[in-house]
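# what's the 3D shape of this:
(2 chains)
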Amino acid sequence: MELTVLNNDAGAEAGGCSSSGCGSSGDQLSHLPDDIREKVHNHPCYSEEAHHHYARMHVAVAPACNIQCHYCNRKYDCANESRPGVVSELLSPDQAVRKVLAVAANIPQMTVLGIAGPGDPLANPERTFETFRQLTEKAPDIKLCVSTNGLALPAQVEELCKHNIDHVTITINTVDPEIGAKIYPWVFWNNRRIKGVKGAKILIEQQQKGLEMLTERGILVKVNSVMIPGVNDKHLEEVSKVVKEKGAFLHNVMPLIAEAEHGTFYGVMGQRGPTHDELQDLQDKCSGDMNMMRHCRQCRADAVGLLGEDRGDEFTMDKIEEMEIDYEAAMVKRKEIHLEIEANRKAQAAKSGEAFVALASLGTKKKELRPVLMAVATTGGGLINQHFGHASEFLIYEASPTDVRFISHRKVDLYCSGGDTCGDAETALQKNIRTLEGCEVVLCSKIGYEPWDMLEEAGIQPNGEHAMEPIEDAIAAVYKEMADAGQLDKPRQTAEAAQATA
Amino acid sequence: MALSIVEGCVNCWACAPVCPSDAIFEATPHFMIDAKKCTECEGDYANPQCASICPIETVILDAAGDPLNPPGSLTGIPPETMAAAMAEIQAR
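This next block holds a predicted model:
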């Protein structure tokens, strides 16, 4: 994989971090004022570092939508797909509140409750705000947030502010109505269907107005954009600039999901999504302008748990009815667990200073050393603590002489589920290894002989020596080892080349 | 004079809250319109609200049984130019 953007010396040496190797990618928000950092410190969807430790959930109380997006299919009821806009069970506000209290009692890492659909929360204001009203009262320690297409946002800002909502996400795919018409065929506005460029123009105006109103009121705004090759891919850098100027503090560029079987317009028409490289390239280009979010999992509108997992099945309404929950005790427990997590985070941060000193000691060789992509298997907590065969996703980090930074996550199919599926293991494993293309190292807690050999053949070094260590420290240490062994002075040897010389 | 919802409705709920006559109700296998209550929005709005917000083509019919959102109306692409549109999109 070509890493032209990452090899950019000017970029790597800019800022105060170049000489000391002061930081991990986890502190992507370090330039923000303290009050804002405080607001996102425990929010898994807003802070890359927090997402290792804290859980969130969405409740599907908002089915109706007021616009049509070509990447969305309003037939949202699906158990097997994991993508925005899909849910298994639509909930009434009362049911949603019961579910939130049950989940927060059973997953004490939970800090955030979001409403994100399956339609648009602000196109269902009564259901959305009734849920918020009850939760503000019954679970005051849970943060509330909302994700919207923005059309009804200006009209609802005052009501949102009443509910003590710190965070709002607006999906803004374009600031150009001509491009908008290719994404949104129509919007429902002032009791009429408005089509094409005219409709897109209204949507864009409302989104921008809503963004300004929220930032004026001190509410943090994250902007989500769906990257659609050939439609808005060249334009999203401009979007990034515009929304930053208006006060958005984080930009999340997500890849289009468009499979024919999802039945969306783009899926059926054969619109492709971006490749890993195209997405990363665009994220890097936008990052010059503002904070980029790279850990988004594009979760379902009823997701439950840490970002990489979905525990929704444990909390269906029939299971919740049978649970006995002591709300007061649950809140006390959450407070204890959060204090423990914070103590761990503090200890990890203190320790990671040492690991990064090792990078700094690479000294004058820095310029010649190429960056390396490494994949990590983790179940959370910021540690390398998952068996290779149990990982349903890998976190991808880039190590360089100055920094270790989080780049993305890549989903894989479980190949090691045992029993009847074993016959298919080899093909699933091969597919997973292809998913890790471009990585040179895989860090996990353990790994079997078969995948070990296959990874080595593919030119990826498996490594289980850093089990239970903090991710970024381990990556810095492995990078240092590779540098000391002289492996980084020359371009990477590809698998094909390795076989040719063997 | 009343509209009706037919097979193909995906139960997305968009129509029910925008109906000025409270004529739309949840039912199985899909939402229904109470013909006694439906006014086709006459006197309230220029266009029937349910059909204006419905994201599925051909599932809301007028009193004569014709779809208010005929094929192509949702995407803005008439059926006869569909193949060309698909080719353009796949070249992206």
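# in the stretch 351-500 of chain A, which spans are helices?
A:425-435, A:449-457, A:471-484, A:495-501 (DSSP state H, counting those that start in this stretch).
# So for chain B, which of the ones you listed sits nearest?
helix A:425-435 (23.5 Å; CB to the nearest CB). Using the backbone N, CA and C atoms, a C-beta is placed for each residue, glycine as well.
# Which residues belonging to the closest one are considered buried?
Counting neighbours by 16 or more other CB atoms under 10 Å in any protein chain shown, one finds that the buried residues in helix A:425-435 are A:425, A:428-429, A:432-433, A:435.
# And the pLDDT for residue A:323?
On the pLDDT scale, residue A:323 is placed at 90.
# how about it, what does it touch?
Shown in contact with residue A:323 (CB atoms under 8 Å, 6 or more residues apart in numbering or on different chains): A:102, A:105-106.
# how about the residue most central in space within chain A, secondary structure?
When CA atoms, centre = their mean is applied to chain A, the residue found nearest the centroid is residue A:296 (1.2 Å). Using DSSP: H, G, I helix; E, B strand; the rest coil, the structure places residue A:296 in coil.
# returning to what we had before: tell me the most buried of the helices of the stretch 351-500 of chain A?
Sort the helices of the stretch 351-500 of chain A by mean neighbour count, taking mean count of other CB atoms under 10 Å in any protein chain shown, and helix A:471-484 sits at the top with a mean of 22.
# What is the neighbour count of the residue of chain A found nearest chain B?
Per CB to the nearest CB, residue A:230 is where chain A lies closest to chain B, at 2.7 Å. Per other CB atoms under 10 Å in any protein chain shown, the neighbour tally for residue A:230 reads 15.
# right, and it touches residue A:278 too?
No. Taking contacts as CB atoms under 8 Å, residue A:230 lies outside contact range of residue A:278: 10.9 Å.
# for stretch A:251-270, the distance to its chain's centre please.
In this view, stretch A:251-270 has its centroid 17 Å away from the chain centroid, taken as CA atoms, centre = their mean, to the nearest Å.
# Sketch out the strands for the stretch 301-450 of chain A, chain order is fine.
A:304-305, A:372-376, A:393-399, A:404-411, A:441-443 (DSSP state E, counting those that start in this stretch).
# Using JSON lines, please lay out those strands together with mean neighbour count and mean pLDDT.
JSON lines is the format used below for those (neighbours: other CB atoms under 10 Å in any protein chain shown; pLDDT from 0 to 100):
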{"stretch": "strand A:304-305", "mean neighbour count": "23", "mean pLDDT": "80"}
{"stretch": "strand A:372-376", "mean neighbour count": "25", "mean pLDDT": "94"}
{"stretch": "strand A:393-399", "mean neighbour count": "23", "mean pLDDT": "91"}
{"stretch": "strand A:404-411", "mean neighbour count": "20", "mean pLDDT": "84"}
{"stretch": "strand A:441-443", "mean neighbour count": "25", "mean pLDDT": "96"}
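# okay if I get the ones you listed as JSON lines plus distance to residue A:225?
Below are the strands of the stretch 301-450 of chain A laid out as JSON lines (distance: least, CB to CB, whole Å):
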{"stretch": "strand A:304-305", "distance to residue A:225": "25"}
{"stretch": "strand A:372-376", "distance to residue A:225": "24"}
{"stretch": "strand A:393-399", "distance to residue A:225": "20"}
{"stretch": "strand A:404-411", "distance to residue A:225": "15"}
{"stretch": "strand A:441-443", "distance to residue A:225": "30"}
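# Just the pLDDT for the closest residue to chain A within chain B.
Closest to chain A within chain B is residue B:92: 2.7 Å, counting by CB to the nearest CB. Listed pLDDT for residue B:92 reads 92.
# list the contacts for it?
A:229-231, A:271-272.
# So, low pLDDT: which residues of the chain?
Just so you know, I chose chain A. Along chain A, the parts satisfying pLDDT under 70 run over A:1-32, A:76-86, A:288-291, A:301, A:352-358, A:360, A:363-367, A:414-426, A:493-502.
# For it, which residues are neighbours of chain B?
By CB under 8 Å from any CB of the partner chain, the part of chain A that sits against chain B consists of A:63-66, A:68, A:70, A:74-77, A:90, A:119, A:123-124, A:126, A:185-186, A:188, A:191-193, A:195-196, A:229-231, A:265-266, A:269-272.
# Sketch out the strands for chain B, chain order is fine.
Ranges of strands within chain B are B:4-5, B:24-25, B:32-33, B:60-61, based on DSSP state E.
# What's the local residue count around residue A:439?
Close neighbours of residue A:439, defined as other CB under 10 Å, add up to 26.
# does it really touch residue A:458, like I thought?
No. Residue A:439 is beyond contact range of residue A:458, at 9.5 Å (criterion: CB under 8 Å).
# Work out the gap between the longest helix seen in chain B and the centre of the chain.
In chain B, with assignment by DSSP state H, the single longest helix is helix B:82-90. Remark: helix B:82-90 is offset 25 Å from the chain centroid, using CA atoms, centre = their mean.
# What are the contacting residues of stretch A:233-248?
Residues contacting stretch A:233-248 (CB under 8 Å, 6+ apart): A:170, A:172-176, A:179, A:208, A:211-212, A:214-216, A:221-223, A:225, A:227, A:232, A:251, A:253, A:274, A:278, A:282, A:285-286, A:289-290.
# Which ones among the residues you listed map onto helices?
Per DSSP H, these map to helices at A:179, A:208, A:211-212, A:214-216, A:278, A:282, A:285-286.
# Count the residues that sit near the residue lying closest to residue A:69 once chain neighbours are set aside.
Spatial nearest neighbour of residue A:69, excluding adjacent residues (CB to CB, 6 or more residues apart in numbering or on different chains): residue A:184 at 5.9 Å. Neighbours of residue A:184 under the rule other CB under 10 Å: 27.
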